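J.: Take this sequence and fold it.
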Amino acid sequence: MIIAIDETGSFNADSADRSFFVAVHIRQRKTLYKAKRHQFTQWEDSLPRSLKNAKGEIKSSLLSDEQLTEFVRRIICDHYFIGITPYCIRPSQNAEAVVEKHRMANLIGIRGSANEMRELGRPESFAKIYDDFGNWLTKLSYAQYIKILVLGECISAALVNTVGHSITGGYDDELTRIKFLIDRDFIKEPQQNTFWHEVLRNQLYYHSKKNPLPVLNKWKSKGHPFLEKYEMNGHLDFNELFWKQCYFVSSHDNFEIRIADGVNTILSRRFNKRQCHQAYLLLRKCFLKDKKITEMLLPDFNLDDVRYNPAENPWRNLSNNN
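T.: Next comes the predicted model:
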């Protein structure tokens, strides 16, 4: 399964509009993948040249509602349909003060880990990793920080949906070849990539507590390639998946990202402008799990209650992963 993820919206603190992250699930079996790529290429080639940029790429924001409806009919809903995991956030419903509390709670753990490394007499390079991590997190704008949070939740939910629907659809043999393609944004430098992976690792951990992967009992008793690849010491470990099969890529070179872009445009028009109604009705049939869009709302809390506790600190293994 190839899971392509794209985002749309400003994510700015004062925006009352919904900003979206969408994951599209594209079957990886060779014949099905080729067929979906062919469907998309034929549809894209049929559009007027005036809608294409210098690279020949269609930007879905330029398409009419009717063209987007045709996009859903010919690509999303046609055999084999593309599954969708949609997430959104309304920044104006997530006050800057509350978002900053979440960031500060993370920083308490990260800064505490740096101090712990020094108190334990570990090499200064270990403490510096945490110092740099904290500096990176501190410098993120409101929009960048929110994007990281929503992206992580979308990835976590998409992984659960992939496993669940591969089981019900009878194609769980594809699970060992899962690949994530994410539209390239602000995670560009190697060290930033390391820090983002650490944030994602912890989001996956907490998401699994609320929504564990739907692993069949017979997999545990009889064995399954997915568990053989990702289970370690009785626990699922996706370090290999998200380091070796998770890529930030350009939309120009990856049609999967352009499909996700089209889905995002439809959702944004439907919920922010009350347009694209017909395209949305068709699109909604392909939403996975409960057929709903998950809207994130960060809970408020008392930051004074947050204390550094080494035993419960989710960041303290960072120096061991580098």
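J.: neighbours of Lys30, just the number please.
T.: Residues near Lys30, counting by other Cβ atoms under 10 Å, number 8. Backbone N, C-alpha and C define where each C-beta goes, glycine included.
J.: Could you pull out the helices in the stretch 51-200 of the chain for me?
T.: For the stretch 51-200 of the chain, the helices defined by DSSP state H, counting those that start in this stretch cover 65-71, 96-119, 124-139, 142-169, 190-210.
J.: who wins for proximity to Thr294 among the ones you listed?
T.: helix 142-169 (6.8 Å; Cβ to Cβ).
J.: how about that closest one: buried residues?
T.: 142-143, 145-167 (16 or more other Cβ atoms under 10 Å).
J.: which residues touch Leu107?
T.: 134, 137-138 (Cβ atoms under 8 Å, 6 or more residues apart in numbering).
J.: Now render those residues as CSV, adding neighbour count, pLDDT and distance to Met296.
T.: Formatted as CSV, those follow (neighbours: other Cβ atoms under 10 Å; pLDDT from 0 to 100; distance: Cβ to Cβ, whole Å):
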residue, neighbour count, pLDDT, distance to Met296
Gly134, 21, 95, 23
Leu137, 19, 95, 18
Thr138, 14, 97, 22
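J.: any chance of those in a markdown table, with distance to Phe81 too?
T.: Formatted as a markdown table, the contacts of Leu107 follow (distance: Cβ to Cβ, whole Å):
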| residue | distance to Phe81 |
| --- | --- |
| Gly134 | 44 |
| Leu137 | 39 |
| Thr138 | 43 |
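J.: Out of the helices of the stretch 51-200 of the chain, flag the one nearest Tyr33.
T.: Here helix 142-169 is closest among the helices of the stretch 51-200 of the chain (Cβ to Cβ), at 14.6 Å.
J.: now the closest one: mean pLDDT?
T.: Averaging pLDDT along helix 142-169 gives 95.
J.: That one to helix 124-139, inter-axis angle?
T.: Calculated by axes from the mean of the first three to the mean of the last three Cα atoms, to 10 degrees, helix 142-169 forms an angle of 100 degrees with helix 124-139.
J.: and helix 142-169, what other elements does it pack with?
T.: With contacts defined as 3 or more Cβ pairs under 8 Å, 6 or more residues apart in numbering; DSSP states H and E, the packing partners of helix 142-169 are strand 2-8, strand 19-26, strand 83-89, helix 96-119, helix 190-210, strand 294-296.
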